[in-house]
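*Asks:* Got a sequence here, can you build the structure:
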Amino acid sequence: MTTKNKISGIEYLRTGNERQRKCAGLLDAIRIFEFLQPYRPVLAGTIPIEVDLPESDLDIICEVHDFTEFREIVRRHYSDCAGFTDRLSGDRYVAVFFVDGQEIEIFAEAKPPDQQSAYRHMMLEHRILQLLGETFRREIIRLKREEYKTEPAFAALLGLSGNPYQ
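*Replies:* Model prediction:
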């Protein structure tokens, strides 16, 4: 992943590492980007920036203004999937389910994906990884294996104090 444009879809996954290619195939098979297209879906999280672990989920963020309609669409297409749960809380919606053992989380807010925290964190982390290189990336993964979440792992290695999510 090298540009903002590349991550607006999943094309870059098709030529990525083995895990990314597998995820692209899975997302294609369940047609999630097709069904959610009006909501500007973006894949965020650790898989696009290659700091994922085998148990990492696929995080799809969307811009939604009619949560009732969006929830109906998600339920229509994915409520039969293993472990399906969803919740609507004010101006946020989250659905979680599994397909072929892969956890998928859909997160929706009433703002463009590039203004959502998940996207902004991913882009900043991606830039840091570009600047600090492969050794730093491996250290992030090592900390994640030791039960760190992604943002706290970055903060720890960068020597940052305070809330790593801010």
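
*Asks:* Show me what the helix or strand that contains residue 127 is packed against.
*Replies:* Element membership for residue 127 (DSSP states H and E) is helix 117-145. Here helix 117-145 touches strand 42-44, strand 58-63, helix 150-158, going by 3 or more Cβ pairs under 8 Å, 6 or more residues apart in numbering; DSSP states H and E. To be clear about C-beta, it is placed using only N, CA and C from the backbone, and glycine gets the same treatment.

*Asks:* buried set for that helix?
*Replies:* 118-119, 121-123, 125-126, 128-129, 136-137, 139-141, 143-144 (16 or more other Cβ atoms under 10 Å).

*Asks:* Farthest-apart pair in these, please.
*Replies:* Maximum pairwise distance in those, criterion Cβ to Cβ, is 23.5 Å, between 119 and 139.

*Asks:* remind me which residues of this structure are low pLDDT?
*Replies:* Residue ranges of the chain with pLDDT under 70: 1-8.

*Asks:* mind listing what the residue lying closest to residue 129 once chain neighbours are set aside touches?
*Replies:* Leaving aside its sequence neighbours, residue 129 sits nearest to residue 137 (Cβ to Cβ, 6 or more residues apart in numbering; 5.3 Å). By Cβ atoms under 8 Å, 6 or more residues apart in numbering, the residues touching residue 137 are 50, 51, 129.

*Asks:* which residues sit in contact with the last one?
*Replies:* Contacts of residue 129 were listed using Cβ under 8 Å, 6+ apart, and they are 49, 50, 51, 136, 137, 140.

*Asks:* isn't the second one right next to residue 17, touching?
*Replies:* Yes. Under the contact definition of Cβ atoms under 8 Å, residue 50 touches residue 17, with a separation of 6.3 Å.

*Asks:* Show me which of these two is the more surrounded one.
*Replies:* The neighbour comparison of residue 50 against residue 17 (other Cβ atoms under 10 Å) goes to residue 50, with 17 against 12.

*Asks:* which residues touch that one?
*Replies:* 16, 17, 20, 129, 137 are the contacts of residue 50 under Cβ under 8 Å, 6+ apart.

*Asks:* Just confirm it is within a strand.
*Replies:* No. With DSSP: H, G, I helix; E, B strand; the rest coil as the criterion, residue 50 is assigned coil and is not in a strand.

*Asks:* Relative to residue 62, how far out is it?
*Replies:* 23 Å (Cβ to Cβ, to the nearest Å).

*Asks:* coming back round to it: show me how far the helix holding residue 127 is from its chain's centre.
*Replies:* Computed by Cα atoms, centre = their mean, to the nearest Å, the chain-centroid distance of helix 117-145 equals 14 Å.
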